[in-house]
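S.K.: give the three-dimensional model of this entry:
(one chain, ligands or ions: 1)
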Amino acid sequence: MTYKPSHISFSQIMTYLQCPEHYLFRYVLGIKSPPAKAMKRGKALHETLDHHFTQKKIDERGMNSNQAQDFYATQLETALQEYEQELEETKILVSRDFLKKEKEVSKAELLDAGTRGLAEYFMGKQQIIRVNGAKQTEEGRTVSLESEVKPDLVEQEFILETNQDVSIKGYIDLTDTARIVHETKTAGKTPQIQDIARDPQLAIYNIGYEKLTGTKPAGFSKDFIISLKKEVKIQRYLISKPDIDKESILRYIWNILKAIQNDIWYCIHPANSWVCSADWCGYYKLHQELRKIGFEKMMEKYSRKNYAKETAKTIQTQKVEAISI
Ligand code: SF4
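M.R.: This is a model prediction of the structure:
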């Protein structure tokens, strides 16, 4: 089988970088993975800040902290409805362990973590960590992160044409008038500093910003809303330039495109990796099946058409079983 997409997104490329097998299941075979509640919280927060900065760009104010928290609550409600629907659609893949872990996350918890995160983002102090090559310095700021950001580009799309008949689409979430590219993330623990500057996403933003504005960004800010058990904190990592330069990231991308077109879908994780587990990966059942029956049979069984038939059959069986209980 040769898979040749005519366009691809940077987030798909990031997926391939993190796990080629995940890319195979999700984008080649078109199998949706079971949803995770934590992702829905991230999505609701992302949409809240997107709405706020779009508004702030127009009227220089946007929402206040309380309005943002109310907006988030509404977005979360919608995201959790989507969650139920997606869970229903992916029943065939859901393992008991995965479901158990998901059930432990309550709606109240998601609401609380998100609203406290926003309150801190709008009103609290930020901790800054400067990541400049080998040197790192820490400093506190007395003003909130929100008050510092004067938005310029908000949720802006950019497209990169390649010489392999594939165009690549990406988005920049937010930049400010000081030419800093921001990326906002939610996390349950403090990120590892060594992962920050080497993040290939920064190199992609670097290309995107230049494509959109014709100038280089002045720097990058990875803005983390970190929800710990006892506190929520805002930690910013300021990076003057990404560790991965433009030529290197473009070379990675071309190589990934070639790998995708040549059916290279290895599991790149070490044996017994925690990532490849029923708790963490929604594709774990498929992962085991692939190892058991091999690539050719797997492709035959899960080609898009066959997979749709298989899913309908399984859901029908589950309904019959539920009725007869
Ligand atoms: S089980 Fe492991 S290799 Fe397979 S998709 Fe999940 S993370 Fe990737």
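S.K.: how about the residues of the stretch 151-300 of the chain by the ligand?
M.R.: For the stretch 151-300 of the chain, the contact set with the ligand under Cβ under 6 Å from any ligand atom comprises 267, 269, 275-276, 281, 283-284, 287. Glycine gets a C-beta too; all of them are placed from N, C-alpha and C.
S.K.: can you flag the buried ones in the residues you listed?
M.R.: Among those, those classed as buried by 16 or more other Cβ atoms under 10 Å are 267, 269, 276, 281, 283-284, 287.
S.K.: would you format the residues you listed as JSON lines with pLDDT and secondary structure included?
M.R.: Listed next are those as JSON lines, based on pLDDT from 0 to 100; DSSP: H, G, I helix; E, B strand; the rest coil:
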{"residue": "Cys267", "pLDDT": "89", "secondary structure": "coil"}
{"residue": "His269", "pLDDT": "88", "secondary structure": "coil"}
{"residue": "Cys276", "pLDDT": "89", "secondary structure": "coil"}
{"residue": "Cys281", "pLDDT": "88", "secondary structure": "coil"}
{"residue": "Tyr283", "pLDDT": "91", "secondary structure": "coil"}
{"residue": "Tyr284", "pLDDT": "90", "secondary structure": "helix"}
{"residue": "His287", "pLDDT": "92", "secondary structure": "helix"}
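S.K.: can you report phi and psi for Val143?
M.R.: Backbone torsions for Val143, taken as degrees, to the nearest 10, come to phi -100, psi 160.
S.K.: for stretch 163-175, buried residues please.
M.R.: Across stretch 163-175, burial judged by 16+ other Cβ under 10 Å covers 166, 168, 170, 172-175.
S.K.: then stretch 75-84?
M.R.: 75-76, 79-80, 83.
S.K.: quick one: it to chain centroid distance?
M.R.: Centroid separation between stretch 75-84 and its chain, computed with Cα atoms, centre = their mean, to the nearest Å, is 17 Å.
S.K.: helices of the stretch 201-325 of the chain, residue ranges please.
M.R.: Under the criterion DSSP state H, counting those that start in this stretch, the stretch 201-325 of the chain contains helices at 246-261, 284-293, 295-302, 304-324.
S.K.: next one: the stretch 1-150 of the chain
M.R.: Taking DSSP H, counting those that start in this stretch as the test, the helices found in the stretch 1-150 of the chain are 10-18, 20-23, 37-59, 65-89, 96-103, 107-123, 145-148.
S.K.: could you list the buried residues of stretch 93-101?
M.R.: Going by 16+ other Cβ under 10 Å, stretch 93-101 has these buried residues: 93-95, 98.
S.K.: that older thread, same list (the helices of the stretch 1-150 of the chain) but as a markdown table, adding mean pLDDT.
M.R.: Below are these laid out as a markdown table (pLDDT from 0 to 100):
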| stretch | mean pLDDT |
| --- | --- |
| helix 10-18 | 91 |
| helix 20-23 | 95 |
| helix 37-59 | 96 |
| helix 65-89 | 97 |
| helix 96-103 | 87 |
| helix 107-123 | 95 |
| helix 145-148 | 95 |
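S.K.: which one of those helices lies nearest to Arg198?
M.R.: helix 10-18 (11.7 Å; Cβ to Cβ).
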